[in-house]
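Visitor: give me the fold of what follows.
(4 chains)
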2 protein chains.
Amino acid sequence: MQDVAREAGVSASTVSRALSGNGYAAEDVRKRVHAVAARIGYIPDANARSLRNRSSHSVGVLISDLRNPFYADLAAGVEQRLRSAGYHMILVNDDGHAGEEMLAVQTFAAMRVAGVIVTPVSVEAVKSLHQHGVHVVQADRRISARHGDAVLGDNEAGAELVTRHLLQLGHRRIALLIDETKWTSGAGRLAGYRAAHAAAGAPVDEDLIAFTSFDAAAAGATAGRLLDARPDVTALFAANNVLAQGAFAEFQRRGLRLPDQLSIAAYDDVPWMSLVRPAITTVSQHTFDLGRRCADVLLARLSGEYAEDGPPRLVRVEPALFVRGSTGQAPPVGERANDRKAR
Amino acid sequence: MQDVAREAGVSASTVSRALSGNGYAAEDVRKRVHAVAARIGYIPDANARSLRNRSSHSVGVLISDLRNPFYADLAAGVEQRLRSAGYHMILVNDDGHAGEEMLAVQTFAAMRVAGVIVTPVSVEAVKSLHQHGVHVVQADRRISARHGDAVLGDNEAGAELVTRHLLQLGHRRIALLIDETKWTSGAGRLAGYRAAHAAAGAPVDEDLIAFTSFDAAAAGATAGRLLDARPDVTALFAANNVLAQGAFAEFQRRGLRLPDQLSIAAYDDVPWMSLVRPAITTVSQHTFDLGRRCADVLLARLSGEYAEDGPPRLVRVEPALFVRGSTGQAPPVGERANDRKAR
DNA sequence: TTCCGGTGTGGCATCGTTGCCACGTTGAGG
DNA sequence: CCTCAACGTGGCAACGATGCCACACCGGAA
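Guide: This next block holds a predicted model:
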């Protein structure tokens, strides 16, 4: 900056004003300064700026697993919006591990980020950010209603959509393959599954709610065991794309004819679901858009459009059901078990 | 920091030494300072540190499209390594657009990042970073041999592997669906395709090299037109996962029986390729690992393990061919065209 | 002529950290 | 008893950018 000032024959203050546009600067001086800056390749130091202004243009984004297309899409949506608003994204994977999440929180706090968008794992992380005065947006699931805004899919509505669809096809023994129900995402999906049953006057068979771990292989094994134990099951609803992948691979391995022998539906629409045959009926969360909305909510706080200290906002992104070939009419009673065993 | 100093009854200098471990600090003082810092939740300001130390722990990562699993895997690999080395990742999508890439370069320069890992679009961006004294690692493709290190897959070897595989199955009219050959990635794949033909003494029919744009829908259309124009084609090699997706969807739409009527192979192994039936024969680039290697190469420069001003390094990640169901014996001459038209 | 508001500019303190320097203090060795 | 090295500590000047303040100049109004 001193170099630019010297070359342009002005003071550092004037260079600052000329380049930033804050304060007076004569037209010719402004031009000269810009020219010199461009010539010698001067780029203002963002760290010095952040230090002086006590705010940075960095936003922390904390997700579980970038290799899962759900999180990748979410991050991509966030990044697109942030970038167009002049912010950039510090992306950290926490692998769903609270310890890593807490480390990332420390990092973000140290960087004095403008805000953090997080698919939260533990309340402590969100609380800690809040205490450090960092704006937080909880994405996809909400772990604390008091600390920071949230942008969520309507998991209950989505799960109800897909469950109702299955019920309408005549299915009465619908298995639910799910990994967790302690977060709002899993809890909502379970609630929607129940609500659809209740609305249809169909009892929920608790044995058909199969808990598994967040891992395609484990999900496949769990789904397989469930089918073995309960040959009367006619449909399976996998609560997210990873579980669906595991289940689908397992059914393929077993040579099941979908949807004749078994209907399968999923939550989360990811590209492979339209490529496989039959294509998978699923609930789209509009994940990319969800990400953009997260960024919007954060940017609204930063710009003061919403009071910095206003009450927490909750934005819902409505899900949509995409019916594809993997769900079909339930087979007439009595034929199902034999059908599957015959193969 | 002043607060901590006051509470602990020492000076700011001592707090700095006690917390950072650089320089002397008595054991009891060190403990007291740590205790106070933890109690009042003091986290050193990373911006002030970067300013003072003239270096940050941020690494810029510049990719084309986070929603493409190839780039997502790459970024995930990079992030994992960076994180374990105490760095973090500023992730920017440039959508394959040189303008956006240049903007990101400006941002990274302003942030005084420790280094940049980029899947480059234009030489200018890489040059510009180099001129600003930023360490650059070119990932997946190399656009400048002079500016910065590179970590690349061996595209020629990979393409040769898959083409040879098709030739060995008796295919002689193998279409190549490719989007660009101006980057080392595309050029290498084309070269490998030619090399395999040459090694087998099979002539390359230049009309079977179909150029398309980087877009699944366009790739599908191009592949369709090619098949219509050349019913004698018995195999198609798609030069990346997006093109393969477009082509596969198109063939599925046409109801082609794979691999009987047409064999299809791809470059890049992404999850859907194992889920569809037939599963797709493809070349794995070990993308996640590629990302880790990129980070390794950068970290080696930063740690001084490789001289800061040493010559550019080039690291190759060997690809591997995964043969799956989508490639089969070429049908006997004379049957192919009729087969396809019959449907 | 004096006063005043609008322009335009430079000086300076400041943001939070760090590392050099100078200054104790201590204990061992000559 | 003096010297000297090894510790430990505080003061201070940076790192680069910014914005307040003071000041200087100008034209117009009183």
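
Visitor: what pLDDT, on average, does stretch A:14-21 get?
Guide: With pLDDT averaged residue by residue, stretch A:14-21 scores 92.

Visitor: stretch A:19-39: how far from the chain's middle?
Guide: Computed by C-alpha atoms, centre = their mean, to the nearest Å, the chain-centroid distance of stretch A:19-39 equals 43 Å.

Visitor: mind listing what's buried in that stretch?
Guide: A:19, A:25, A:29-30, A:32-33, A:36-37 (16 or more other C-beta atoms under 10 Å in any protein chain shown). For every residue, glycine as well, the C-beta is placed using N, CA and C.

Visitor: repeat that for stretch A:309-318.
Guide: A:312, A:317.

Visitor: just the terminal-to-terminal distance for it.
Guide: Start-to-end span of stretch A:309-318 (C-alpha to C-alpha, to the nearest Å) is 27 Å.

Visitor: pull the residues that contact it.
Guide: With contacts defined as C-beta atoms under 8 Å, 6 or more residues apart in numbering or on different chains, stretch A:309-318 is touched by A:142, A:145-154, A:157, A:285-286, A:289-290, A:293, A:297, A:306.

Visitor: the helices in the stretch 151-300 of chain A, which residues?
Guide: With helices called from DSSP state H, counting those that start in this stretch, the stretch 151-300 of chain A shows them at A:155-168, A:184-200, A:216-229, A:241-253, A:272-275, A:287-303.

Visitor: which residue is it, in the stretch 1-150 of chain A, that comes closest to DNA strand D?
Guide: residue A:1 (2.6 Å; C-beta to the nearest atom of the strand).

Visitor: how much space between that residue and residue B:46?
Guide: 21 Å (C-beta to C-beta, to the nearest Å).

Visitor: cool, residue A:291 as well?
Guide: From residue A:291 to residue B:46 the distance is 25 Å (C-beta to C-beta).

Visitor: neighbour count: these two, which is higher?
Guide: residue A:291 (30 against 24; other C-beta atoms under 10 Å in any protein chain shown).

Visitor: confidence score at the closest residue to residue A:262 other than its chain neighbours?
Guide: Nearest non-adjacent residue to residue A:262, counting by C-beta to C-beta, 6 or more residues apart in numbering or on different chains: residue A:256, 5.5 Å away. Residue A:256 is assigned a predicted lDDT (pLDDT) of 96.

Visitor: give me the neighbour count for residue A:256.
Guide: Residue A:256 - counted by other C-beta under 10 Å - has 18 other residues nearby.

Visitor: for DNA strand C, what are the nearby residues on chain A?
Guide: A:9-14, A:17, A:23-26, A:29, A:48, A:51-52, A:54 (C-beta under 7 Å from any atom of the strand).

Visitor: switch the cut-off to 6 Å
Guide: Residues of chain A that fall close to DNA strand C, judged by C-beta under 6 Å from any atom of the strand: A:10-14, A:23-26, A:29, A:51-52, A:54.

Visitor: how about those, which pair is most distant?
Guide: For the residues of chain A next to DNA strand C, the farthest-apart pair by C-beta to C-beta is A:26 and A:54; their separation is 29.7 Å.

Visitor: wasn't residue A:89 part of a strand?
Guide: Yes: assignment of residue A:89 by DSSP: H, G, I helix; E, B strand; the rest coil places it within a strand.

Visitor: what's across from it in the sheet?
Guide: residue A:59, residue B:91 (DSSP bridges).

Visitor: now the residue lying closest to residue A:154 once chain neighbours are set aside: phi and psi?
Guide: Leaving out its chain neighbours, the residue that sits closest to residue A:154 by C-beta to C-beta, 6+ apart is residue A:316, at 5.2 Å. Torsion angles at residue A:316 (phi, psi; degrees, to the nearest 10) stand at phi -110, psi 140.

Visitor: run through the bridge partners of residue A:316.
Guide: With DSSP bridges as the rule, residue A:316 is bridged to residue A:152.

Visitor: who in the stretch 151-300 of chain A is up against chain B?
Guide: Taking C-beta under 8 Å from any C-beta of the partner chain, the part of the stretch 151-300 of chain A that reaches chain B is made up of A:245, A:248-249, A:252, A:271-272, A:274-277, A:288.

Visitor: what subset of those residues is buried?
Guide: A:245, A:248-249, A:252, A:271-272, A:274-276, A:288.

Visitor: now for those: which two are most distant?
Guide: Counting by C-beta to C-beta, the most remote pair of these is A:252 and A:288, 28.0 Å apart.

Visitor: ok so, going back, tell me the least confident of the buried residues of stretch A:19-39?
Guide: residue A:25 (90).

Visitor: quick check: it is in a helix.
Guide: No: going by three-state DSSP, the assignment for residue A:25 is coil, not a helix.

Visitor: and it, what does it touch?
Guide: Residue A:25 neighbours (C-beta under 8 Å, 6+ apart): A:14, A:17-18, A:33.

Visitor: again with residue A:16
Guide: Neighbour list for residue A:16: A:1, A:22 [criterion: C-beta under 8 Å, 6+ apart].

Visitor: same question, residue A:4
Guide: A:15, A:33, A:36-37, A:40, A:42.

Visitor: one step back: who wins for neighbours among the contacts of residue A:25?
Guide: residue A:18 (26 neighbours).

Visitor: pull the contacting residues for it.
Guide: The contact partners of residue A:18, by C-beta under 8 Å, 6+ apart, come to A:10, A:25, A:29-30, A:33-34.

Visitor: switch to 7 Å and redo it
Guide: Applying C-beta atoms under 7 Å, 6 or more residues apart in numbering or on different chains to residue A:18 gives the contacts A:25, A:29-30, A:33-34.

Visitor: one more: residue A:290?
Guide: Counting by C-beta under 7 Å, 6+ apart, residue A:290 makes contact with A:74, A:77, A:139-140, A:151, A:153, A:317.

Visitor: the residues you listed, buried ones only, as a PyMOL selection?
Guide: Burial among these is assessed by 16+ other C-beta under 10 Å; the matching PyMOL selection reads:
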select buried, chain A and resi 74+77+139+140+151+153+317
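
Visitor: closest one of the contacts of residue A:290 to DNA strand C?
Guide: residue A:139 (28.8 Å).

Visitor: next one: phi and psi at the closest one?
Guide: Per degrees, to the nearest 10, the backbone of residue A:139 is at phi -110, psi 140.

Visitor: could you check the pLDDT of it?
Guide: Looking at residue A:139, the pLDDT reads 98.

Visitor: what's the nearest residue to it if we skip its chain neighbours?
Guide: residue A:294 (4.7 Å).

Visitor: can you tell me which residues in the stretch 1-150 of chain A are near DNA strand D?
Guide: Counting by C-beta under 6 Å from any atom of the strand, the residues of the stretch 1-150 of chain A near DNA strand D are A:1, A:12-13, A:16, A:20, A:22, A:44-45, A:48-49, A:51-53.

Visitor: which regions of the stretch 1-150 of chain A sit below the pLDDT cut-off?
Guide: Regions of the stretch 1-150 of chain A meeting the criterion pLDDT under 70 are absent.

Visitor: show the residue spans covered by the strands in it.
Guide: Secondary structure of the stretch 1-150 of chain A (DSSP state E, counting those that start in this stretch): strands at A:58-63, A:88-93, A:115-118, A:135-139, A:149-153.

Visitor: contacts made by the first one with the rest, please.
Guide: Yep, that's strand A:58-63 we're talking about. So strand A:58-63 is contacted by A:71, A:74-75, A:78, A:82, A:87-94, A:101, A:104, A:108, A:111, A:113-119, A:298 (C-beta under 7 Å, 6+ apart).

Visitor: centre of the chain to stretch A:116-134, how far?
Guide: Using C-alpha atoms, centre = their mean, the distance from the centre of stretch A:116-134 to the centre of the chain it belongs to is 16 Å.

Visitor: about what we covered before: quick check: phi and psi at the residue nearest to residue A:262.
Guide: Here residue A:256 shows phi and psi, under degrees, to the nearest 10, equal to phi -70, psi 140.
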